[in-house]
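In: build the 3D model from these lines:
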Amino acid sequence: MTDAVKNDPVVVTPSETAPSQKPLQPSTMPANTPMELLSMAVSQGAALDKIEKLMELQKQWEENEARKAYNKATAKFKKNPPKVIKDMVNKQYGSRYSSLANFVNTVNEALSKFDLHAHWEFDQTNGIKVTCVLSHTLGHSDSVSLSGPPDTSGAKNTLQQIKSTITYLKLATFEGITGIASVEGNLDDDANGSEPYETITEQQVADLKCMIDEIGTDEVKFLRHLKISALGELRASSYSEAVRLLESDRKRRGRLKPYPADQFEKNLPAWHKAIADGKRTADQIIAMVSTKGALTDEQKARIRATPKTDDAPKDEFIEEYKRTEQAQEEKQK
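Out: Next up is the predicted model:
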């Protein structure tokens, strides 16, 4: 009799909805989650297969809730992303970039506010593979993977080659999974919270570098005049002015005496061999020679022609230049 009463539907009359009526207790409310259904099934002594199905349903429900929480957190994060200021200078190209430590430390602080965190996984089964995993505290995660060979540039040993590639891939995958890109900071005020500005492109940096080498301009003084520490920091709006300054320096240096024709013919094979061997580029040769004398457009074109040769005489100028470089390196040690 008691069981029959419990299973009968309850009909609520208007008189029973008075303000003094107590709300239903949680134990009498319908189940809203698989876990609540599972608790009810266990308490009622449900069969094992039914409990297992409810456990699987609970697992799927938790995964879906974690995915929704992850998507919500990343959306909020990207609504107001942190600004990562480039803190390093590539001395070879004069461009700025962000170090791994600066990038990760800046972004991780912002990620933690949304219950997000990132870590890397590594695999050297086939080359060097780095995976950056971005996870939410509820368990959902996404990842980005990149692979690459050891970095053999420069005079790195085997371990340094691997570490260099890993560092590059860690930064690239971290940028990819977070969707954050570093920006230039205004160095005029020591990067104290100033707004980022548009800088010249990498191609423009290379063009200016080529002009500096070709003309023989003192790069240190040139950068000081522009109030920057590297070509990559130059504002896009100041590019034309930089070109004009270099052209003026070219005209001023045009007063140099022509490079002796006989000396040019004597040294040309050696220059070609240095270019073919990868020891110097044509523009570097032109820049070095131009400090000794003015070259004609025809002579510059012949230097750039770079036919391959196996028996070229030594270039006295290049040998002198090498000796000067070695002496400077010895002083720095």
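In: pretty sure Pro260 is touching Gly293, no?
Out: Yes. Pro260 lies in contact with Gly293 (Cβ atoms under 8 Å); the separation is 6.7 Å. All C-beta atoms are positioned from the backbone trio N, CA, C, and that covers glycine.
In: is it true that Gln204 touches Tyr239?
Out: Yes. Shown here, Gln204 and Tyr239 form a contact pair, counting by Cβ under 8 Å, at 5.7 Å.
In: what are the buried residues along stretch 70-81?
Out: Going by neighbour count (16 or more other Cβ atoms under 10 Å), the buried part of stretch 70-81 is Tyr70, Ala73, Thr74, Phe77.
In: could you redo the residues you listed as JSON lines and give each row pLDDT and secondary structure?
Out: Below are those laid out as JSON lines (pLDDT from 0 to 100; DSSP: H, G, I helix; E, B strand; the rest coil):
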{"residue": "Tyr70", "pLDDT": "92", "secondary structure": "helix"}
{"residue": "Ala73", "pLDDT": "92", "secondary structure": "helix"}
{"residue": "Thr74", "pLDDT": "91", "secondary structure": "helix"}
{"residue": "Phe77", "pLDDT": "92", "secondary structure": "helix"}
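In: can you list those residues in CSV and add distance to Ala230?
Out: Formatted as CSV, these follow (distance: Cβ to Cβ, whole Å):
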residue, distance to Ala230
Tyr70, 39
Ala73, 37
Thr74, 34
Phe77, 31
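In: now do the strands in the stretch 1-150 of the chain.
Out: Secondary structure of the stretch 1-150 of the chain (DSSP state E, counting those that start in this stretch): strands located at 88-90, 95-97, 116-123, 128-136, 141-148.
In: spit out the contact partners of Arg304.
Out: By Cβ atoms under 8 Å, 6 or more residues apart in numbering, the contact set of Arg304 is Ala282, Ile286.
In: again, only using 10 Å
Out: Arg304 sits next to His272, Ile275, Thr281, Ala282, Asp283, Ile285, Ile286 when contact means Cβ atoms under 10 Å, 6 or more residues apart in numbering.
In: among the residues you listed, which are in helices?
Out: Per DSSP state H, helices hold the following members of the contacts of Arg304: His272, Ile275, Ala282, Asp283, Ile285, Ile286.
In: look up how far Asp283 lies from Leu295.
Out: 12 Å (Cβ to Cβ, to the nearest Å).
In: go on, Cys132?
Out: Remark: distance between Cys132 and Asp283 (Cβ to Cβ) = 38 Å.
In: also Glu298?
Out: Counting by Cβ to Cβ - Glu298 and Asp283 are separated by 16 Å.
In: which one of the two has more residues nearby?
Out: Shown here are Glu298 and Asp283; by other Cβ atoms under 10 Å, Asp283 has more neighbours (18 against 8).
In: mind listing what the more buried one touches?
Out: Lys209, Cys210, Met211, Ile212, Asp213, Glu214, Ile275, Lys300, Ile303, Arg304.
In: and the host helix or strand of the second one, how far out from the chain's middle?
Out: For Cys210, the host element (DSSP states H and E) is helix 202-215. Centre-to-centre, helix 202-215 and its host chain are 23 Å apart (Cα atoms, centre = their mean, to the nearest Å).
In: model confidence over that helix, on average?
Out: Summarised as a single mean, pLDDT over helix 202-215 is 83.
In: if I look at Leu295 and Asp283, which residues touch both of them?
Out: Common neighbours of Leu295 and Asp283 (Cβ under 10 Å, 6+ apart) are Glu214, Ile303.
In: pull out the buried residues from the helix holding Cys210.
Out: By neighbour count on 16+ other Cβ under 10 Å, the buried set for helix 202-215 is Gln204, Val205, Asp207, Leu208, Lys209, Met211, Ile212, Asp213, Glu214, Ile215.
In: out of the contacts of Arg304, which end up buried?
Out: So, by 16+ other Cβ under 10 Å, the buried ones in the contacts of Arg304 are His272, Ile275, Ala282, Asp283, Ile285, Ile286.
In: can you pull the pLDDT of Phe122?
Out: 94.
In: so it sits against Thr131, correct?
Out: Yes. The pair formed by Phe122 and Thr131 meets the contact definition of Cβ atoms under 10 Å, at 7.7 Å.
In: using the three-state scheme, assign Ala181.
Out: coil (DSSP: H, G, I helix; E, B strand; the rest coil).
In: same check on Ser153?
Out: Ser153 is classified as coil under three-state DSSP.
In: likewise for Phe222?
Out: Recorded secondary structure, Phe222: helix (three-state DSSP).
In: now it. Nearest residue, chain neighbours left out?
Out: Leaving aside its chain neighbours, Phe222 sits nearest to Ile212 (6.6 Å; criterion: Cβ to Cβ, 6 or more residues apart in numbering).
In: before we move on, what about Met35?
Out: Spatially, and ignoring its direct neighbours in sequence, Met35 is nearest to Gln58 (5.3 Å; Cβ to Cβ, 6+ apart).
In: and for Ala287?
Out: Asp213 (3.7 Å).
In: for Ala110, same thing?
Out: Using Cβ to Cβ, 6+ apart, the closest residue to Ala110 is Pro82 (4.2 Å).
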